[in-house]
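Q: How does the following fold in three dimensions:
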Amino acid sequence: MIIEKKCKKCRRAGEKLFLKGEKCFTPKCVFEKKPFPPGLPLSARKHRSMMTEYGIQLKEKQKVRNVYRLSEKQFSAYVKNAASVKDIAPTEQLFRNLETRLDNVAFRLGFANSRPLARQIVSHGHLTVNGRRVDIPSYKLRKDDVVELREQSKAKPLFADLVEKLQKHTAPSWLKLDAKKMQGVIQGDPSLEHSDMTFNLTSVMEYYSR
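A: From the prediction side, this is the model:
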């Protein structure tokens, strides 16, 4: 049931949001079979519906929220903060707010193959930040912070082949990954310009400025 809901979010967005991690790359992915919004009549599937500017902004906002797995309250708070920060573009600040969450960094470092699993790993206390156990997914990381798998968690079946996976994983340039230590260091700020995300954060900011 939960998996189907994730697939519906991708179908509504009109693109894969990779909410199920590696499963989204397989032929079994529901979006591959049904690349149209749920409930859309057969007669309308071959035609692109015209969307208003508001509709485009709403769709983009929902897409970003779903990718980072945030509630409306959490997401709007990030947008409000981004709009209030001076000397940096609001879209850039919003991107930093989202990317520097502990659950997202765990995903970016390769500790989990999806953000939902990364959030679960954080919530269960498997990670430390600067040597201290942190179980808050929204915990904001800063430059030079060290994220590491807890020593007590390394023997758990969930992380049995993690070292091997991390050795094949490529982390973003703003993160430094040490596969053998199962450790990552924040070595800079994430940049929207050099990201692999296809978000239109300008539309998101415009949505909330109405």
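Q: C-alpha only now, for contacts and for neighbours.
A: Fine.
Q: mind giving me the domain split of the chain?
A: With automatic domain parsing as the criterion, the domains of the chain are listed as 2-41+50-97, 101-186.
Q: Next, the distance between the ends of the shortest one.
A: This points to domain 101-186. Using Cα to Cα, to the nearest Å, the end-to-end distance of domain 101-186 comes out at 11 Å.
Q: re earlier: S209: which of the domains of the chain is closest?
A: S209 sits nearest to domain 2-41+50-97 of all the domains of the chain, at 9.3 Å, using Cα to Cα.
Q: middle-most residue in this protein, spatially?
A: Most central residue of the chain, judged by C-alpha distance to the mean C-alpha position with Cα atoms, centre = their mean, is Y68 at 3.8 Å.
Q: quick one: contacts for that residue?
A: Y68 is in contact with 98, 104, 115, counting by Cα atoms under 8 Å, 6 or more residues apart in numbering.
Q: give me phi/psi at it?
A: The phi/psi pair for Y68 (degrees, to the nearest 10) reads phi -90, psi 0.
Q: Could you report the separation of it from T100?
A: Taken as Cα to Cα, the span from Y68 to T100 is 11 Å.
Q: can you check Y54 too?
A: Taken as Cα to Cα, the span from Y54 to T100 is 28 Å.
Q: dump the residue contacts of V147.
A: By Cα under 8 Å, 6+ apart, the contact list for V147 reads 106, 127-130, 183-185.
Q: let me redo that: T202
A: Contact analysis of T202 by Cα under 8 Å, 6+ apart lists T91.
Q: helix or strand for it, which one?
A: According to DSSP states H and E, T202 maps onto helix 201-208.
Q: mind saving the C-alpha coords of that helix as CSV?
A: Output of helix 201-208 as CSV, limited to C-alpha atoms (Å, rounded to 0.1, in the frame of the first residue of the first chain):
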residue,chain,number,x,y,z
LEU,A,201,12.8,26.3,-7.0
THR,A,202,11.9,29.7,-8.4
SER,A,203,8.4,28.4,-9.0
VAL,A,204,8.3,27.1,-5.4
MET,A,205,9.3,30.5,-4.0
GLU,A,206,6.7,32.2,-6.2
TYR,A,207,4.0,29.8,-5.0
TYR,A,208,4.6,30.8,-1.4
